[in-house]
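**Student:** Coordinates only, no sequence provided:
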């Protein structure tokens, strides 16, 4: 980062987001404290490994913010009239993220020794507080999105196997407390290896997406569809006994059986069928024992010629 000349310009400063509705008289003392600097593309402005004392105002160019590492995807971009470094500017700690110039970027920086000057303007401090609140909300959204991604299978949009442990603990406890039944369906796509060998692995991926989409559209909001692994899916049906669960399983199986072909980005592909194993929860069941019984029922369905339900 190199320092450059900047002709003091109050009007340009007032366009900054941080200076919105701030009395120009309050900004004049800050003009002589501002220092202009320039970043080259790819140059790191802020890092978690170095304490930051400056608030940066963006006059031109663009900055990108990275959370975990510079090898990850940027979580947001910052452009003209925005600012960066405000949290570490206030608390005098190292930044919590990396900030990198995406293109040649011109900045104005303000040292935190000038913080008393900022506090003399209520409007400026209100803008700063609003900005800090926005950063906190953005951080919360990133956390929520990360948690969401941690429980979702990225290919099919179904819950992943890791989430199954959590949702079973929740639903089994709730159903047991309310003296309600709970049933499990375990589904396996028939002859999936042969399907992949004949049509390609990408076609197989689209077939799995078709299965997940078809199943999900016919389940209740309280039901949980999980991709258990490969071409296997598990469905938890809270508050449903074995007869109702069997009826639902048959409906799901039939709905896939009736899809002779479907459109995909690689062209028209043949549909697939599923074999299903059904197991109701017993009083002393844990997840593994329930899965074990559903898996045995699934094995019977395969032994009986596939594209059927057992249990």
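**Tutor:** Looks like it arrived, so ask away. Because the structure is a prediction, the values reported are computed rather than measured.

**Student:** host element of residue 80?
**Tutor:** Element membership for residue 80, per DSSP states H and E: none, as it lies in no helix or strand.

**Student:** so it sits right up against residue 58, yeah?
**Tutor:** Yes - between residue 80 and residue 58 a contact is recorded at 5.6 Å, counting by C-beta atoms under 8 Å. Where you see a C-beta, it was placed from the backbone N, CA and C, and this is true even at glycine.

**Student:** between the two, who's got more neighbours?
**Tutor:** It is residue 58, of residue 80 and residue 58, that has more neighbours when counted by other C-beta atoms under 10 Å, with 20 against 15.

**Student:** Now the element after the worst-scoring helix or strand of the chain on mean pLDDT, going C-ward?
**Tutor:** Within the chain, no helix or strand scores below helix 122-151, which has a mean of 77 by mean pLDDT, DSSP states H and E. Going down the chain from helix 122-151, the next helix or strand is helix 161-177, by DSSP H and E.

**Student:** For residue 294, grab phi and psi.
**Tutor:** Note on residue 294: its backbone torsions stand at phi -60, psi -40 [degrees, to the nearest 10].

**Student:** show me the contacts for it.
**Tutor:** Contacts for residue 294 (C-beta atoms under 8 Å, 6 or more residues apart in numbering) come out as 184, 185, 186, 234, 277, 278, 279, 311.

**Student:** Tell me which two in those residues are the farthest apart.
**Tutor:** Taking every pair in these and measuring C-beta to C-beta, the maximum separation is 13.1 Å, between 234 and 311.

**Student:** Counting neighbours around each, name which of the two comes out higher.
**Tutor:** Here residue 234 and residue 311 are compared on neighbour count by other C-beta under 10 Å; more neighbours surround residue 234, at 26 against 22.

**Student:** Relative to residue 260, how far out is the more buried one?
**Tutor:** Distance, residue 234 to residue 260, by C-beta to C-beta, to the nearest Å: 26 Å.

**Student:** same thing with residue 194?
**Tutor:** If you measure residue 194 against residue 260 using C-beta to C-beta, the figure is 17 Å.

**Student:** What of residue 233?
**Tutor:** Distance, residue 233 to residue 260, by C-beta to C-beta: 21 Å.

**Student:** Over to residue 179?
**Tutor:** Using C-beta to C-beta, residue 179 is found at 43 Å from residue 260.

**Student:** If we only consider the contacts of residue 294, which is nearest to residue 162?
**Tutor:** Closest approach between those and residue 162, by C-beta to C-beta: residue 234, at 12.5 Å.

**Student:** Would you state the helices of the stretch 1-150 of the chain in chain order?
**Tutor:** Secondary structure of the stretch 1-150 of the chain by DSSP state H, counting those that start in this stretch: the helices cover 10-14, 24-31, 86-91, 115-118, 122-151.

**Student:** mind checking which of the ones you listed is nearest residue 247?
**Tutor:** That would be helix 122-151 among the helices of the stretch 1-150 of the chain, by C-beta to C-beta, at 28.3 Å.

**Student:** ok, now which ones touch residue 218?
**Tutor:** Residue 218 neighbours (C-beta under 8 Å, 6+ apart): 248, 251, 252, 255.

**Student:** Does the last one touch residue 214 like I think?
**Tutor:** Pointing back at residue 255 there. Yes - using C-beta under 8 Å, residue 255 makes contact with residue 214 at a distance of 5.6 Å.

**Student:** of those two, who's got more company?
**Tutor:** Each of residue 255 and residue 214 has its neighbours counted (other C-beta under 10 Å); residue 214 has more, 18 against 14.

**Student:** Quick check: buried residues in the helix or strand harbouring that one?
**Tutor:** In this structure, residue 214 sits in helix 201-216 according to DSSP H and E. Neighbour-count burial for helix 201-216, counted by 16 or more other C-beta atoms under 10 Å, picks out 203, 204, 206, 207, 208, 209, 210, 211, 212, 214, 215.
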